[in-house]
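Enquirer: Below are the sequence and a predicted model; questions follow.
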Amino acid sequence: MSVTINDTVAKAEPAAPAPKPDQRRGFVAGGHYIPYVMILPAVAALVGVMGYPLFKLFDLSFQNINRYAILVNSDLAEYVGFEGYTKVLGDSEFWEVVLRSFLFTGELVVLSMALGMAFALVLNRVSAWVKIVVVTVLMFVWAVPALVSGIVFRWIFSSTGGVADYLLYLVGFDGMKNYDWFADPTVGLYVVGAAVIVWGALPFLVIGLNAALTQVPKELVEASKLDGANAFQSFRHVVIPVIKPFLLLSASLSFIWDFQVFAQIFSLRNTAPEPGYWTIGTYLYQKGIVASHYSNSAVISVAMILLMLVVLIAYIRQVIKIGAQD
């Protein structure tokens, strides 16, 4: 007996040839160059607005120009090379001001970021109408000019009729009545000066951090709690990684703003800050405007720019690293 078995062999169809990559060049093909083209107007505007002033700043730093040379005898203004840099960088007072500026800026950044995060976490848990009221008040605080804020805090911490002294006296600090907060520059700068600057910085940080917290998926937080994480561990290992890009951005901007702060200290000391209150911004004002040493102030400005560039480079590296991880 013969058995015929019909074997059905399924033959696979030949695969379609892979599409050839587009060989065209230009920003239209694949969109590779579109981002660069889109950013060109912004780059052109920055170069147009800042290019010439920066060039004049660097040019002025290599000259010997003061008010007398400009108004009376312009022939005295001449190029002196790196003499101005040698004079400024060799001055111990300059490095004392730089150290004070870094310490003061570090205090401001830490305080403003910590308080901003604390208020943002609270704001993220309140009802909608409370959040609207708080955000509205913060916007009003943000709208107050820095000079006005300095004047208000000078009145609050005044030794004659100041609100701070009176409140401390009422709660039992008898020695604080008519206390002069500005007699010691350490107290005046690192307490009163820090208070007015942090007060002005909180609106931006609180509103920004609260917006960043709303982007944290609630499912991740709940999952971490189910896995046994407490509130702090959940915040550290879940919330912080999600909002890390904004934390880096806000910390970098806070450093730039706080490092060159001027108006608050200027108004706190009634337009005449003593040497103990000099940060890099007020020191630049004293040397450039009060003493009329324009070339020396240009050198100080160049040094300030270079110091801030160090922070910007560190920030950009962190952003690139975060982008590579994503």
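Expert: Done, it's in.
Enquirer: Of all residues in the protein, which one is nearest the centre?
Expert: Taking C-alpha atoms, centre = their mean, the centroid of the chain lies closest to residue 253, which sits 1.6 Å from it.
Enquirer: mind checking which helix or strand it is in?
Expert: Using DSSP states H and E, residue 253 sits within helix 240-259.
Enquirer: and residue 279, how many residues sit next to it?
Expert: Residue 279 has 24 neighbours, counted by other C-beta atoms under 10 Å. For the C-beta atoms, the positions are set from N, CA and C on the backbone; glycine is no exception.
Enquirer: so the residue nearest to it when sequence neighbours are not counted, which of the three states?
Expert: Closest residue to residue 279 apart from its sequence neighbours, by C-beta to C-beta, 6 or more residues apart in numbering: residue 101 at 4.4 Å. Under DSSP: H, G, I helix; E, B strand; the rest coil, residue 101 falls in the helix class.
Enquirer: give the contact list for residue 101.
Expert: Contact analysis of residue 101 by C-beta atoms under 8 Å, 6 or more residues apart in numbering lists 259, 279-280.
Enquirer: same question, residue 185
Expert: Residue 185 sits next to 274-277 when contact means C-beta under 8 Å, 6+ apart.
Enquirer: Quick one: buried ones out of these?
Expert: Among the contacts of residue 185, those buried by neighbour count (16 or more other C-beta atoms under 10 Å) are residue 277.
Enquirer: among the contacts of residue 185, which two are most distant?
Expert: Farthest-apart pair in these is 275 and 277; separation 7.3 Å (C-beta to C-beta).
Enquirer: Need the contacts of residue 101 in TSV (columns: distance to residue 108 and pLDDT).
Expert: Formatted as TSV, the contacts of residue 101 follow (distance: C-beta to C-beta, whole Å; pLDDT from 0 to 100):
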residue	distance to residue 108	pLDDT
259	9	92
279	10	94
280	13	93
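Enquirer: that older thread, how distant is the helix holding residue 253 from the center of its chain?
Expert: In this view, helix 240-259 has its centroid 7 Å away from the chain centroid, taken as C-alpha atoms, centre = their mean, to the nearest Å.
Enquirer: And the helices in the stretch 151-300 of the chain?
Expert: Ranges of helices in the stretch 151-300 of the chain, per DSSP state H, counting those that start in this stretch, are 163-170, 185-187, 194-213, 218-226, 231-234, 240-259, 263-268, 280-285, 294-325.
Enquirer: Hmm, I typed the wrong one, I wanted the stretch 1-150 of the chain.
Expert: For the stretch 1-150 of the chain, the helices defined by DSSP H, counting those that start in this stretch occupy 34-61, 67-71, 83-89, 92-123, 128-143, 146-156.
Enquirer: mean pLDDT lowest for which of those helices?
Expert: Among those, helix 67-71 carries the lowest mean pLDDT, at a mean of 68.
Enquirer: Report the rounded mean pLDDT for stretch 312-323.
Expert: For stretch 312-323, mean pLDDT rounds to 74.
Enquirer: ok, and what's touching that stretch?
Expert: Applying C-beta under 8 Å, 6+ apart, the contact partners of stretch 312-323 are 244-245, 248-249, 252, 256.
Enquirer: one more time with 7 Å
Expert: 244-245, 248, 252 (C-beta atoms under 7 Å, 6 or more residues apart in numbering).
Enquirer: Put the buried members of the residues you listed into a PyMOL selection.
Expert: Selection of buried members from the contacts of stretch 312-323 for PyMOL, criterion 16+ other C-beta under 10 Å:
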select buried, resi 248+252
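Enquirer: how close does the residue nearest to residue 279 get to residue 193?
Expert: Distance of residue 101 to residue 193, computed by C-beta to C-beta, to the nearest Å: 12 Å.
Enquirer: Would you mark the buried spots in the helix holding residue 253?
Expert: Applying 16+ other C-beta under 10 Å to helix 240-259 flags 242-243, 246-248, 250-255, 257-259 as buried.
Enquirer: counting contacts, what elements does it pack onto?
Expert: The contact analysis (3 or more C-beta pairs under 7 Å, 6 or more residues apart in numbering; DSSP states H and E) places helix 240-259 against helix 92-123, helix 194-213, helix 294-325.
Enquirer: Of these, give the one that comes closest to residue 82.
Expert: The nearest among those, by C-beta to C-beta, is helix 294-325 at 9.4 Å.
Enquirer: Any buried residues in that closest one, and which?
Expert: For helix 294-325, a neighbour-count test (16+ other C-beta under 10 Å) marks 294-304, 308, 315, 318 as buried.
Enquirer: Please work out the angle formed by the directions of that helix and helix 34-61.
Expert: Put simply, helix 294-325 runs at 160 degrees to helix 34-61, going by axes from the mean of the first three to the mean of the last three C-alpha atoms, to 10 degrees.
Enquirer: now helix 294-325, how far from the centre of its chain.
Expert: Helix 294-325 has its C-alpha centroid displaced from the chain centroid by 11 Å (C-alpha atoms, centre = their mean).
Enquirer: sorry, back to before: can you lay out the helices of the stretch 1-150 of the chain as CSV showing distance to residue 228?
Expert: Below are the helices of the stretch 1-150 of the chain laid out as CSV (distance: least, C-beta to C-beta, whole Å):
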stretch, distance to residue 228
helix 34-61, 44
helix 67-71, 69
helix 83-89, 56
helix 92-123, 21
helix 128-143, 31
helix 146-156, 46
